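Enquirer: just to be clear, the model below is a prediction. Sequence and coordinates:
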Number of protein chains: 2
Amino acid sequence: MGKTQGIADGGNPLFKQVYDYIVDRIERGEWKAHDKLPSVRLLAAQFKMNRLTVFKAYGMLKEQGIAYVKEKSGYYVSAGNKSNVRQLPAYRSEDARLSASVHLKNSLNDIQQIPVDYQFSQALIDPNLLPNLFLSDYVKRVFDLYPKLMGTYSTPQGDAELRQSLSRYLGGELRVELSASDLLITSGSQQAIDLISRTFVRPMDAILIERPTYSAGMDIFRQQGARFLPVDIHPHGYDLEHVESLMMNHRPRLFYLNPTFHNPTGYTVPASQRKRLVELAERYKCLLVEDDAFHDMYFDVPPPPPLFAFDTDGWVVHLRGFSKYVAPGLRICAIAARPNVLEPLITAKSLADNGTPLVNQKIFLHYFESVRMRQHIGKLRTALQMRKDVMERELAETGWSWVSPQGGLNLWLRLPDTVTADELLKLSIRQSVSFVPGDICDPLGEMESRIRLSYSFVNEATIKEGIKRLTDIARG
Amino acid sequence: MGKTQGIADGGNPLFKQVYDYIVDRIERGEWKAHDKLPSVRLLAAQFKMNRLTVFKAYGMLKEQGIAYVKEKSGYYVSAGNKSNVRQLPAYRSEDARLSASVHLKNSLNDIQQIPVDYQFSQALIDPNLLPNLFLSDYVKRVFDLYPKLMGTYSTPQGDAELRQSLSRYLGGELRVELSASDLLITSGSQQAIDLISRTFVRPMDAILIERPTYSAGMDIFRQQGARFLPVDIHPHGYDLEHVESLMMNHRPRLFYLNPTFHNPTGYTVPASQRKRLVELAERYKCLLVEDDAFHDMYFDVPPPPPLFAFDTDGWVVHLRGFSKYVAPGLRICAIAARPNVLEPLITAKSLADNGTPLVNQKIFLHYFESVRMRQHIGKLRTALQMRKDVMERELAETGWSWVSPQGGLNLWLRLPDTVTADELLKLSIRQSVSFVPGDICDPLGEMESRIRLSYSFVNEATIKEGIKRLTDIARG
């Protein structure tokens, strides 16, 4: 009983997952008219669910005429389902599931796209903090260097020169042997997560996912039909005993995690837990998907080494996205992994888009290696910390609580009991202030008293005024 | 019986598909130890296959200890399968299937990557035919125009300014009403095909596919687990009665086609067939996926209007890739479709990579709209036709046969009976000549007496000398 509560598909209730699973198979023609459906007992055991949950799904199928009951025998597929479905290839249940995730996605997009003066919902760097003029000059030099750049394809794995450079950089930082062949270049970490999901997750596979987590990450795994086993993230990491018990009992395919300046909470998992987590991953054969987009965005002290640094057996795949703080317009991310994991990902990449455009890789390479880039990162850290400090000062008197992050782009706040995130958002948008309500980041779709405020996108004066408005609204 | 011969999965025999299908379900835990497997009769009916084919698959499962037989009852899942599989999450049967497609993919890549002097295997434009210097100058102006370009994300659907421009261009050409909202920008047509495959095809779904066809297209649909129903393409199009019978009997999800200067044959489907094909698609609810990468690469006469121009009911999705002849380094493709088809594709795109990088879209937009670009396309047509003429002249005396194409990048030749494509390839690579053997383009993996020669990648002198070498080798 306790276990089933842990399985969720963000906003998609458990019984609906069983319902979708069955409808999907009927649509594909795997289960035909008058075929007997699996027994409630069998499905419950298969999905490690309560029988009542499966029973509820069957009840819904019966109500909608998709299944019928034979006394003392069980549930059977009704006639005429398939042809109905085939009439509308563009709107099958998979698409409904897609639409469901769009819906969620759009709730985030919708919020971010409302034109407000006090934009705290974008976990992006203020374009004014990027060295734009330098970049434009820079691009010209790159085109002079490679006059036929526009006429040339990249290999699927990515430009060898860029992989060489990044393997030196990441290898040094991770203190591991890393060569160009250990890296795959993708178009942003979004694509990296998607390639991993397509390659290693099948429908109804269990995966571990942090609670809360990156909402677009959830959307990707949900599209693949994954079942979520949430793992709470705390200021000092995870409950590793709980993680072990989930790994032992559910044999999840992978654990998608963001252990460094975690989005949305800003928490960082300590080194001791990282080591132990890699041991658990090896023991239970669970791939650790380490999304490390904020690694370089620390304030005072660099974070502990990534999980990848503790890995000896190939159970960690490391994603290093550079869109956030180097060049959002280029969309460059590197995946580091051992050959057994990397090779199928290269194939998936070659089928997905045949390789990230060479133009983007070459511009990124030369920019990333420049002295100006190192200076930029240093300055950016200082600017972010100042913005964070301003936001925290403005919030000090509110009685809202949060753990002050040591890096990253966000504050994760608990509101007082007098107001929910949704109520606050509705009111604050009228006053031209936006933020991300907590339920969007929660695989269980709860966390209604939490909000994420990004301090990275607007300047200090705007932060001051925006937070003032927000806290005024909350006071009512 | 005749029908089953038509179903193939390029190089993956039919019984192996059934085998994979069953192993996959056992691995996912859908079918557990001591569960009864579907009867041979049922599976044969479900997949419209000969019972002997299914029987062969079950024989193999039994031999490998994956299934066992109970007298007078049927096949059952053996114990202990699942745990074995779970030990190696990175190498499950899906990955084996992936590797199979890599293998095929690599045979093409392998050929193309052998450094030869006479490169006839690349269906790419010679970079020397692209206006590289103009482009480099051009890029600088674009960065001056949008100083914060590097710091800005695109929307998932693509830059509105680019979609506006392309909707005017394509709308005029197709003589249909087209607005910016009818277009989705992808990273190359490879990604467009992949998004369509993910959105509309499920494992074991039947799809129609031309024979021969674009080999990477096959790889993408194969990755999704599609069953192929090949449709022969002839110099004057398809046998539409056969197409109708396939649509009626198999209810395929979609038909992936390249009706204009078809790759690899160069054939063009006439206007009368286009109209009829759209009627069939509407009647049988089969999405027509029109890959139209070569539309502007005609020699004397523009091709007939695309299928999309005949569509009134939303059953055509039109892919217009610009990588081939505008800017391979940028990877820009536009998908045109009606909202019921386009909306789920936009979602798939947003989950796949959150939008094509803005840098690429803005550079493409301004380049594509320039006067220089129009001049470039005109010159390119002439250059390609001259290269084609040279190649045909050199081949005139060989006794090899082909249909002279009116556009595109390739000749599709039938060799004399004295030599197979594979033999010829082995010998010719030693003489620094490469080309694509026909079996790679064939969903049935046959066509061993066919080869594809691309005349687009090397200059006339090189074509002359290379073809001389090739024909000398063939003469023995």
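Expert: That came in fine, so what should we check first?
Enquirer: now the residue lying closest to A:Asp353 once chain neighbours are set aside: how far from A:Tyr153?
Expert: In space, not counting the residues next to it along the chain, A:Asp353 is nearest to B:Gln191; the distance is 4.0 Å by CB to CB, 6 or more residues apart in numbering or on different chains. Every residue, glycine included, has its C-beta placed from N, CA and C. Applying CB to CB, to the nearest Å, one obtains 13 Å for the distance of B:Gln191 from A:Tyr153.
Enquirer: the residue nearest to A:Asp353 contacts A:Gly355, correct?
Expert: No: look at B:Gln191 against A:Gly355 with CB atoms under 8 Å: they stay out of range, at 10.5 Å.
Enquirer: more neighbours, the two?
Expert: Shown here are B:Gln191 and A:Gly355; by other CB atoms under 10 Å in any protein chain shown, B:Gln191 has more neighbours (28 against 25).
Enquirer: hmm, back to that, shared neighbours of B:Gln191 and A:Tyr153, which are they?
Expert: With contacts defined as CB atoms under 8 Å, 6 or more residues apart in numbering or on different chains, the residues shared by B:Gln191 and A:Tyr153 are A:Asn354.
Enquirer: hmm, who's touching the lengthiest helix in chain A?
Expert: Ranked by number of residues, the top helix in chain A under DSSP state H is helix A:371-395. Contact with helix A:371-395 is made by A:125, A:129-131, A:134, A:296-299, A:325-326, A:367, A:402, A:404-405, A:409, A:411, A:413, A:453, A:455-456, A:459-460, A:463-464, A:467-468, A:471, as judged by CB under 8 Å, 6+ apart.
Enquirer: keep only those of the residues you listed that are in strands.
Expert: Using DSSP state E, the members of the contacts of helix A:371-395 that fall in strands are A:411, A:413, A:453.
Enquirer: of those, closest to A:Asp442?
Expert: A:Leu413 (14.4 Å; CB to CB).
Enquirer: list the buried residues of stretch A:403-411.
Expert: Of the residues in stretch A:403-411, A:405-411 count as buried by neighbour count, 16 or more other CB atoms under 10 Å in any protein chain shown.
Enquirer: what's the first-to-last distance across it?
Expert: When the termini of stretch A:403-411 are compared using CA to CA, to the nearest Å, they are 8 Å apart.
Enquirer: same deal with stretch A:411-420?
Expert: Between the opening and closing residues of stretch A:411-420 there is a gap of 17 Å (CA to CA).
Enquirer: how far does it sit from the chain's center?
Expert: The gap between the average C-alpha position of stretch A:411-420 and the chain average comes to 23 Å, counting by CA atoms, centre = their mean, to the nearest Å.
Enquirer: list the buried ones in it?
Expert: For stretch A:411-420, a neighbour-count test (16+ other CB under 10 Å) marks A:411-413, A:415, A:419-420 as buried.
Enquirer: before we move on, back to that, near chain B too, which of the ones in strands among the contacts of helix A:371-395?
Expert: Residues of the ones in strands among the contacts of helix A:371-395 in contact with chain B (CB under 8 Å from any CB of the partner chain): none.
Enquirer: now, which of those sits nearest chain B?
Expert: Among the ones in strands among the contacts of helix A:371-395, A:Leu453 lies closest to chain B (CB to the nearest CB), at 20.0 Å.
Enquirer: how about that closest one: which residues does it bridge to?
Expert: As for beta bridges, A:Leu453 partners with A:Leu411 under DSSP bridges.
Enquirer: I figured it hits A:Gly408, correct?
Expert: No: using CB under 8 Å, A:Leu453 and A:Gly408 do not qualify as a contacting pair, with a distance of 11.9 Å.
Enquirer: buried ones in stretch A:331-348, by neighbour count?
Expert: Residues of stretch A:331-348 classed as buried: A:331-338, A:341-348 (neighbour count, 16+ other CB under 10 Å).
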